[in-house]
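**Q** Next input, structure requested:
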Amino acid sequence: MTHPHASLANAHSPLNCPPLETAVIRFIQEFSADHVTPALRVMVSRVIRDQLSSQIGNSRLPWSRQVRGMVDARHVPGTSRVITSVRTVSAIDAAFMNATYAHGFEYDEGHRPSNSHPGSCAVATAIAVGEEVGASLDETVAAILMGYEVYARIGVLAAPDLMQRGYHPASMLASFGAAAVSAKLRGFDAETTLHAMAIALSHASGAAEYSSTGGSVKRVHPGIGVRGGMIAADLAQAGITGPRAFLSGVKGFYKTFLQRGPADDAAERFGPAGRYEITRGGYKRYCCCGANHAAIDILADFAGRLAGIKSVSLRIPKLSNTMVGTVNSNTYTPQNIEHLQFSLPAQAALALLGLGNGYQSHLDYLEGKLDMQRVLEVARKIKLVESSELDRQYPGKFVTQATIEFTDGTQETRFVENSLGTPDNPMDEAAHDAKFMELTTSVIGQQAAKTLLATLHELPADLRLAQLTALCAAA
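**A** The predicted structure is shown next:
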C-alpha cells in the first residue's frame, strides 16, 4: 500500500519524525519471519495456546454472549472466523470478538513489565487479518511476535504510571498493537504505517474503574482497543494522516496520559539489540488479577489451618494496592465478579478456605454456588499494608510479604517475589497444557481439544489459518 504522501518516506523510515517514532516504524517495517528464531517460535506457540484456549473457554460467559449477539446483529460479511463459530465475518468484527473472548475472565497471559496483556491483541488481530489477506502461518506468527513487541515495548515505557493513574493498559495499548499488526500484514509502506500508528493514538482509551465499582466492559477493553487500531489502519490506507510525534510529542501519548516523556533510551528499545519482551511474559495459574497471585501462592499452604489463624497481614507494593487493594471501593465487600477478581482480601479468603482461585471457583461464583458470606468473614481477617519500599526494591513486580498470626500467639512470615506462572517461576508445559484442556474440552470436546493442542505445539508451516480456526469450532 502506497500512501498519498509516500514521497516523504524512504524504504523503511518516515522522514521528519522524532527518534522514537522513527524507531517504532522501522521495527514494524523490517520485522520478518527471519527474526523468529526457534526459541521465539516456541514462545509464540505458548502465547497462541494460551490465547486460543481463553477465547474458546470464555466464549460462553454471559458478557461474551452479549457482545456476540451484538456482533451477530450488525456484523460486516468477511472471511475471518469468530472463534468457536462456523460463521465468518469481517476481520475487524472477528478480531473484536476474539480479543474480547481472550480477556474475558482474568485468565489470559500477562506481561507484568507493561501491566498488560499483549497476546489478547496480537493473536486476535493477526489471525483475523491473516485470514482476510491470505497470510501464511509463518507470516502470521511473525506478525504476532512483532505486534506483541510493539504493544509491550510502548507499554513498558508507560509503566507503572499508566495503571497508577487509573488507565487500563490492555485497552490503551491494544490500539497501537492492532495498528502495527494490520499495517504489517497488509503490506503498508513506512509512511502509511506511521499514520496508522499515529491515528491509533486517537483510539487509545480505557479507565480501570471496573476494579473498584465493577463493570463487565472490562472484558471488552482489548476488543475495543483492537477495533480502534484496525480502524486506524483503514483510515491511514484511505489517506488520513496523523501526528508524526504521536508518542513523544508535547501532546503525544506519554505527555498526555502520563504528564511525562518516555525514557531517554526509548528509541534504542526498538533497535536490533532491544530486549524481546515476550521473554518476560507470564501465564496465569489463578483466574484473577495477577496482583493477587503471590498472596495466593503463600496462603494456599495454610488452607487446612484456618481455624487456628487469628489474622493475616499482607504487605504489598503501591501498584498492587492500586489494582486489588484498598484503593478499590469494594475490596472488602465484593458484590460482582469484577469486584471478586480484583479483591485481594477475597482472593486470600478463597485460598485460606481451600476453595481454590482457578477457573471453576469463579464459574461457581457466577452460578451462585460460592458461600460468599463465609468468604467475606474470612476476608475480614486480612489486613493490607501498602509499602512504597517494596516498589523501590522490586519495581514492576507484584511481590507480597504475608505475616500469619495464629490463635496461640505465634506468627509465621513468608515472602514471594515471583508468583507461579511468572517468567522467573514458570509453569511447566504439563501444567500449561492442563490449563488448555480445562478451558477447551467442555466447549469443543476432548478429542478436538487434544488435536488443537498438538497442532499449536507444532505450528506446521503448511497449516492454513482457515484450518486452524476451524479446529476451534464448538462441538
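**Q** Show the contacting residues for N115.
**A** 155, 159-160, 162-163, 169, 319, 396 (CB atoms under 8 Å, 6 or more residues apart in numbering). Heads up, the C-betas are built off the backbone N, CA and C, glycines and all.
**Q** which ones among these are found in helices?
**A** Here DSSP state H is the test, and these give 155, 162-163, 169, 319 as lying in helices.
**Q** Which residue comes closest to the most centrally placed residue in the chain once chain neighbours are left out?
**A** By CA atoms, centre = their mean, the chain has its centre lying nearest to H117, at 1.5 Å. Once flanking residues are discounted, H117 sits nearest to A170: 4.7 Å by CB to CB, 6 or more residues apart in numbering.
**Q** Is it correct that the one you found is in contact with G225?
**A** Yes. Counting by CB atoms under 8 Å, A170 does reach G225; the two are 7.1 Å apart.
**Q** which stretches of this structure form strands?
**A** Ranges of strands in the chain, per DSSP state E, are 80-81, 88-89, 110-111, 281-282, 309-316, 382-386, 400-406, 411-416.
**Q** Quick check: the gap between Q401 and E417.
**A** Note on Q401: its distance to E417, by CB to CB, to the nearest Å, is 10 Å.
**Q** Between these two, which has more neighbouring residues?
**A** Q401 (19 against 16; other CB atoms under 10 Å).
**Q** and for A170 and G225, which residues touch both?
**A** Joint contacts of A170 and G225 (CB under 8 Å, 6+ apart) are 121, 206.
**Q** quick one, which of those two is more surrounded?
**A** The residue with more neighbours, out of A170 and G225, is G225; 34 against 31, by other CB under 10 Å.
**Q** Would you quantify the distance from the more buried one to C121?
**A** With CB to CB as the criterion, G225 and C121 are 6 Å apart.
**Q** and what of L185?
**A** 14 Å.
**Q** Check A473 too.
**A** 23 Å.
**Q** So which of the two has more stuff around it?
**A** More crowded of A473 and C121, by other CB under 10 Å: C121, with 36 against 17.
**Q** Could I get the contacting residues of the more buried one?
**A** 99, 147, 151, 170, 173-174, 177-178, 181, 222, 225-226, 229.
**Q** wait, which of these is closest to A303?
**A** A170 (30.9 Å; CB to CB).
**Q** Identify the residue nearest R68 in space, chain neighbours excluded?
**A** M97 (6.2 Å).
**Q** Next, count neighbours for that neighbour.
**A** 32.
**Q** List the contacts of it.
**A** Per CB under 8 Å, 6+ apart, neighbours of M97: 67-68, 71, 82-83, 89, 223.
**Q** By neighbour count, which of those wins?
**A** G223 (28 neighbours).
**Q** what's the spacing between it and Y101?
**A** For G223, the distance to Y101 - CB to CB - is 8 Å.
**Q** Surely L439 and S53 touch.
**A** Yes. Assessed by CB under 8 Å, L439 is found in contact with S53 at 4.2 Å.
**Q** wait, isn't Y107 in contact with L439?
**A** Yes. Y107 is within contact range of L439, at 7.4 Å (criterion: CB under 8 Å).
**Q** Pull up the overlap in contacts between those two.
**A** With contacts defined as CB under 8 Å, 6+ apart, the residues shared by Y107 and L439 are 54, 57-58, 359.
**Q** Looking at those residues, which is nearest F31?
**A** Set against F31, the nearest of the shared contacts of Y107 and L439 by CB to CB is S54 (25.1 Å).
**Q** Find the nearest non-adjacent residue to the closest one, please.
**A** D108 (4.4 Å).
**Q** Does that neighbour touch D50 like I think?
**A** Yes. Contact criterion CB under 8 Å: D108 and D50 qualify, at 6.2 Å.
**Q** overlap in contacts of the two?
**A** With CB under 8 Å, 6+ apart, D108 and D50 have common neighbours G119.
**Q** about what we covered before: now the residue nearest to S54: how far from T100?
**A** Taking CB to CB, one finds D108 at 11 Å from T100.
**Q** can you check R285 too?
**A** From R285 to T100 the distance is 23 Å (CB to CB).
**Q** So, low pLDDT: which residues of the protein?
**A** 1-10 (pLDDT under 70).
**Q** Show me where the stretch 351-475 of the chain has its helices.
**A** Assigned by DSSP state H, counting those that start in this stretch, the helices in the stretch 351-475 of the chain fall at 359-366, 372-379, 388-393, 429-444, 446-458, 465-470.
**Q** Make a markdown table out of these and add mean neighbour count and distance to F302.
**A** Shown next, in a markdown table, are the helices of the stretch 351-475 of the chain (neighbours: other CB atoms under 10 Å; distance: least, CB to CB, whole Å):
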| stretch | mean neighbour count | distance to F302 |
| --- | --- | --- |
| helix 359-366 | 18 | 17 |
| helix 372-379 | 16 | 11 |
| helix 388-393 | 15 | 21 |
| helix 429-444 | 18 | 22 |
| helix 446-458 | 16 | 34 |
| helix 465-470 | 18 | 43 |
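**Q** Quickly list the domain ranges of this structure.
**A** Per automatic domain parsing, the domain ranges recorded for the chain read 6-282, 290-416.
**Q** how about the ones you listed in JSON lines, adding distance to A448?
**A** Compiled in JSON lines, those are given as follows (distance: least, CB to CB, whole Å):
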{"stretch": "domain 6-282", "distance to A448": "10"}
{"stretch": "domain 290-416", "distance to A448": "19"}
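**Q** before we move on, back to that, out of the contacts of M97, which sit inside helices?
**A** 67-68, 71, 223.
**Q** of all the residues you listed, which comes closest to L370?
**A** Using CB to CB, the ones in helices among the contacts of M97 come closest to L370 at V67, 24.9 Å.
**Q** Go ahead and confirm the closest one touches V220.
**A** Yes. If you go by CB under 8 Å, V67 and V220 touch, sitting 6.1 Å apart.
**Q** Need the overlap of contacts for those two.
**A** Joint contacts of V67 and V220 (CB under 8 Å, 6+ apart) are T100.
**Q** re the thing from before, and of the strands of the chain, who's closest to T22?
**A** strand 110-111 (24.1 Å).
**Q** which residues touch the closest one?
**A** Here strand 110-111 has contacts from 116-118, 152, 155, 277, 280-284, 290, using CB under 8 Å, 6+ apart.
**Q** Tell me which residues touch the residue of the chain positioned farthest from its centre, please.
**A** Residue farthest from the centre of the chain, counting by CA atoms, centre = their mean, is D408 at 43.3 Å. By CB under 8 Å, 6+ apart, the contact list for D408 reads G308.
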